[in-house]
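# Got a sequence here, can you model it:
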Amino acid sequence: MQSNFKTSKQLSADPQQTAIAVLAWLANEQDLFGRFLALTGVEPGRVRHAVNDAGFLSGMMDFLMNHEPTAMAFCQATGTPPEVLNAAWLHFSPPGLGSGEY
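Numbering: from 1, shown residues only. All right, here's what the predicted structure looks like:
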C-alpha cells in the first residue's frame, strides 16, 4: 500500500510535524476521523483552522494515544517510531495528576 504520509526518515522529532502527520493519517482513516470529529465537535471544514489550536492538537494526540492499537497503527502506517509519537503527545498534553508534575 502506497502512503502519502511522511516516513520516519522524513519526519523529524518536531512535535508539530508529528501532530500534522497524525492529523493527515486520521483524515485518511474515515471511521476513526469521524469518531474523532464527533468527540471534539469540530466540523470537518474547520479542521484546517483548528490545527493551529494547541487544545485541538492536545485532544487529537490524547485521542490517538488513549487507544494503543490505534497509536501503533499510526506508527506502522507512517514509519514513525513510537518514541517520537510519545514525545509529541507529551509536548501537547499538559501534565496531569498521574504525571507527578502537578
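# and after the one helix or strand in the chain whose mean pLDDT sits lowest, which helix or strand comes next?
Of all the helices and strands that make up the chain, helix 47-50 has the lowest average by mean pLDDT, DSSP states H and E, namely a mean of 88. Reading on from helix 47-50 to the C-terminus, the next helix or strand found by DSSP states H and E is helix 54-65.
# Flag every buried residue along that following helix.
By neighbour count, and taking 16 or more other Cβ atoms under 10 Å as the criterion, the buried residues in helix 54-65 are 56-61, 63-65. Heads up, the C-betas are built off the backbone N, CA and C, glycines and all.
# which helices and strands does that helix pack with?
Identification of packing neighbours for helix 54-65 by 3 or more Cβ pairs under 8 Å, 6 or more residues apart in numbering; DSSP states H and E yields helix 15-27, helix 30-40, helix 68-78, helix 82-92.
# how many neighbours does the nearest residue to Thr18 once chain neighbours are set aside have?
In this structure, Thr18 finds its nearest non-sequential neighbour in Ala88, 3.7 Å apart by Cβ to Cβ, 6 or more residues apart in numbering. Here the neighbour count serves as a burial measure; for Ala88 (other Cβ atoms under 10 Å) it reads 26.
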